[in-house]
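>>> fold the following.
(one chain, ligands or ions: 1)
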Amino acid sequence: MKDAAPQPIYLADYTPPAYLISDVHLTFRLSPSATRVLSRISFRPNPDAKSGEFVLHGENLTLISAAIDGAPVSPQMTDTGLTCDVPDAPFVWEAEVEIDPAANTALEGLYMSNGMYCTQCEAEGFRKITYYPDRPDVMAVFTVRIEGDDPVMLSNGNLVAKGDGFAEWHDPWPKPAYLFALVAGQLVNHPGSFTTCSGREVELNIWVRPGDEGKCAFGMQALKDSMRWDEEVYGREYDLDLFNIVAVDDFNMGAMENKGLNIFNSSCVLASPETSTDANFERIEAIIAHEYFHNWTGNRITCRDWFQLCLKEGLTVYRDAQFTADMRSAPVKRIEDVIALRARQFREDNGPLAHAVRPSSFVEINNFYTATIYEKGAEVIGMLKTLVGDAAYYSALDLYFERHDGDAATIEDWLQVFEDATGRDLTQFRRWYDDAGTPRVRVTDDFADGTYTLHLSQNTPPTPGQDNKPPRVIPVAVGLLGSDGDEVRATEVLEMTEAKQSFRFEGLNARPVPSILRDFSAPVIIQRDTSPEERAFVLAHDTDPFNKWEAGRTLAREGLLEMICQNEDPDERYLDATLTMARDDSLDPAFRALALGLPSQDDLAQALHDGGTTPDPQVIWDALETLKQARAQAMQDTATRLYAQYQVTEPYRPDAAQSGARALANAALGMITRLDGGAQAQRQYDSADNMTQQLAALGCLLQAGNGDPAVAAFYDQWQHDRLVIDKWFSLQILHARPQDTAAVAERLTRHPDFTLKNPNRFRATLGALTMSPAGFHHVSGAGYALLADWLIQLDPLNPQTTARMSTAFETWRRYDDARQTLISAQLDRILAQPKLSRDTTEMVSRIRE
Ligand code: ZN
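Numbers count the residues shown, from 1 in each chain. All right, here's what the predicted structure looks like:
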């Protein structure tokens, strides 16, 4: 145990800030190891405050001087900053501090990335820049002067002056400190412009390192599309004359919505056909939209405190998903999102890290940028929209923007807007925000005298700190299919509010086949015993694309579970139904590619665990291999036909149509490779002119055990491109045999291009290890030890990324005693490190409990 266990803070303890700020003037004198930050802040007592104590946050700052109303003061230093006696009236605080960006490897506050200065302030990074009330409910107008010799010096808002060695910025919109940003360096811009719906011209720029200019066009188009979409769908216009995006190589997360100056992990903005896959393009478009949409849902309306994080994140994820659905294919986007939700959020909700969409306590807020806050937060909004209907949803949003523009708001404010706009009582709905855990909905049915009845019962297993879960309101979208496959009842949303409830459908001629939870209308687990024949029937006939896909996925999962538990052969019904589906050229190729996917190793492990069986990762891997081999055999002719038919001959475009064709052709290539040992994959590798084709072929070659020459050639070709080399690191690990995974990863950590300082590279290597369950959980324990070794090395440099990656261990209680012993020894070894960060301490101790 640690001597001083970090203390949680509680939502219930919220108190308003003692002082408010009118405006802030900051001057930065840039120098890599000794940057000076001068602040001049106009404070006034908050009439709504309960205490009058003047407290400023500060971390790793050297205070040079401080003054109040021009008179020097000597503040009292505390663990988290300082306090000071202040007048009982408005006053001006001035301070000068020194900071060391070059030594900042945590990538929070002001740091250096490849010689460029940049900042990351969400959630609590601003306190590493200067003394400040670093909380989102303190909003202020910022004026920033940057002094230095970099050719480009950027901050939030509009440029008001620029001269030799300085630049001055002014952001007219009051904002919390977490939205502050500064960038300075040798950057080049890809320019653009946008005319808003009211006719204002906005200057757009994507700033990159010289050499990356050619990778900005796609991001620029995505930005313009996002700006237009938010005007058309939500009536939200951009509110400054300038919008800047900067790409940085060293970044803990995907991107950050700083007002007027979004900062992106370069992997989430730079794109070119030669270096980025179709999936990369889709993700980049979504992240650019996400950060842009934050301008209204996050910046204009921000969060009162960090417990309300889902207020901006859930809503903004929901909005970016709507955007992607509109830009591309709505069903494909929905299926992709559900796959990701189950892989990350259900996993979290069913383990030791489960927490509510709005948690009531935390130790380190960095640890709460989770799938639950983001993805489940978005699902909750989707349910709200389903329950109130589209028109009421948009009028509630209009009211939200009107009522709360400029506010630091709460979930109560958000729900109040919906209650006022719709007249609905949302008391029970609130449980989605307050209660953790994934509800199980058990479904049985009966049919008599033309009436079909669905009996639903709900139950949510306990999660840490929450034993009892009262019933929630669950929108269950249901349609009914007739025996010839026709839809005999269109989709209807059943509103489940009780623990047990029955719903009747009258006037039917024969017993229908139900299609339940269409479009995945709620983030729940449906439990229903049914036959493989019925799954195959739904796969063949459902008009709801999500449930059509789901039927195939369930059929595959159930067959795999039988292979795993009863040593059965691959399920013929699955093979037949899949073959029919794959051959059906009336279906979108992208849909077919998704329907050819199989449940992940982790999904199967969770399903086994839920059914009371201890999963053996090697047995799961073997079953998947056996099924893939059998499927390749059964689909040989079809795979050859699809591969030829869906070759794209036009010039590369990363749009939905071309990406879907490539996805299906590459799924076919995977099957072909299982029979030809990689001959076709080698031809594709040799002739590929885009990264999607090249990487898919490389994956197939590695899978076939023939990857060495291509691995070497790939490195030679791309060694100058760090983002492509990240792919090279991951792929070798992801495609290793389970018994080799840890050794391959270990060898790559000794490669000269491996570095602890770049989170992308660290994730490409150690993250890939954890994403290969059979390899990571190999009985030798080598995977566990390797990950723990590197987490221990990374923690002193970068706590945030270390803590995030420690979640690889969150499923450990599922496994057998031998593995649990191995894992708990590694968790204890991590916890025993002297000076372990607060981030990692919180995460690993919650996992270890
Ligand atoms: Zn966000």
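>>> could you use CA atoms for every contact and neighbour count after this?
Noted.
>>> just give me the neighbour total for Ala89.
Here the number of neighbours of Ala89 (other CA atoms under 10 Å) works out to 8.
>>> what helix or strand is it on?
Ala89 belongs to no helix or strand when assigned by DSSP states H and E.
>>> try the one 5 residues further on
Using DSSP H and E, Glu94 sits within strand 91-99.
>>> between the following helix or strand past that strand and strand 91-99, how big is the angle?
Beyond strand 91-99 in the direction of the C-terminus, DSSP H and E gives the next helix or strand as strand 109-113. Per axes from the mean of the first three to the mean of the last three CA atoms, to 10 degrees, the angle that strand 109-113 makes with strand 91-99 is 30 degrees.
>>> what's the model's confidence in strand 109-113, averaged?
The average pLDDT within strand 109-113 is 98.
>>> contacts for the helix or strand that comes right after that strand?
Counting by DSSP H and E, the element after strand 109-113 in chain order, helix or strand, is strand 116-120. Identification of contacts with strand 116-120 by CA atoms under 8 Å, 6 or more residues apart in numbering yields 101, 107-112, 126, 181-186, 248, 256.
>>> pull the CA atoms of strand 116-120 into CSV?
Presented in CSV, the C-alpha positions along strand 116-120 are these (Å, rounded to 0.1, in the frame of the first residue of the first chain):
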residue,chain,number,x,y,z
MET,A,116,7.8,23.0,-31.5
TYR,A,117,6.0,24.6,-28.5
CYS,A,118,2.5,23.3,-27.8
THR,A,119,0.0,23.1,-25.0
GLN,A,120,-2.5,20.6,-23.7
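>>> against which helices or strands is the helix or strand following that strand packed?
Sequence-wise, the next helix or strand downstream of strand 116-120 (DSSP H and E) is strand 140-147. Packing partners of strand 140-147 (3 or more CA pairs under 8 Å, 6 or more residues apart in numbering; DSSP states H and E): strand 19-29, strand 166-175.
>>> tabulate the ones you listed in TSV, adding columns for distance to Leu204, mean pLDDT and mean neighbour count.
TSV is the format used below for these (distance: least, CA to CA, whole Å; pLDDT from 0 to 100; neighbours: other CA atoms under 10 Å):
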stretch	distance to Leu204	mean pLDDT	mean neighbour count
strand 19-29	25	98	19
strand 166-175	16	98	20
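>>> state the distance from Gly58 to Ala607.
Applying CA to CA, to the nearest Å, the value for Gly58 to Ala607 is 46 Å.
>>> so who does His455 touch?
Residues near His455 by CA under 8 Å, 6+ apart: 443-445, 500-503.
>>> on the three-state scheme, it is what?
The three-state assignment at His455 reads strand, by DSSP: H, G, I helix; E, B strand; the rest coil.
>>> what's around the residue lying closest to Arg283 once chain neighbours are set aside, how many residues?
Of all residues not flanking Arg283 in the chain, Cys268 sits nearest, at 7.2 Å (CA to CA, 6 or more residues apart in numbering). Close neighbours of Cys268, defined as other CA under 10 Å, add up to 23.
>>> just to revisit the earlier point, so which of the contacts of strand 116-120 is the closest to Thr649?
Val248 (34.4 Å; CA to CA).
>>> so what's the closest one bridging to?
Beta-bridge partners recorded for Val248 (DSSP bridges): Asn265.
>>> test my guess that it contacts Ile263.
Yes. Val248 is within contact range of Ile263, at 7.1 Å (criterion: CA atoms under 8 Å).
>>> thinking again about what came up before, quick one: strands adjacent to the strand holding Glu94?
Its sheet considered, strand 91-99 pairs with strand 35-45 (antiparallel), strand 62-68 (antiparallel) by DSSP bridges.
>>> so what's the residue count around the closest residue to Leu575 other than its chain neighbours?
Spatially, and ignoring its direct neighbours in sequence, Leu575 is nearest to Arg631 (6.3 Å; CA to CA, 6+ apart). Look at Arg631: counted by other CA under 10 Å, it has 23 neighbours.
>>> got it, and Val269?
30.
>>> offset the numbering so it begins at 850, please.
Right, with 850 as the first residue, what we last looked at is Val1118.
>>> list the residues that contact it.
Neighbouring residues of Val1118 by CA under 8 Å, 6+ apart: 1065, 1068, 1096, 1133, 1137.
>>> measure the residue of the chain most remote from its centre to Val886 for me?
In the chain, Asp1298 marks the outermost C-alpha relative to the chain mean, sitting 48.6 Å out by CA atoms, centre = their mean. For Asp1298, the distance to Val886 (CA to CA) stands at 79 Å.
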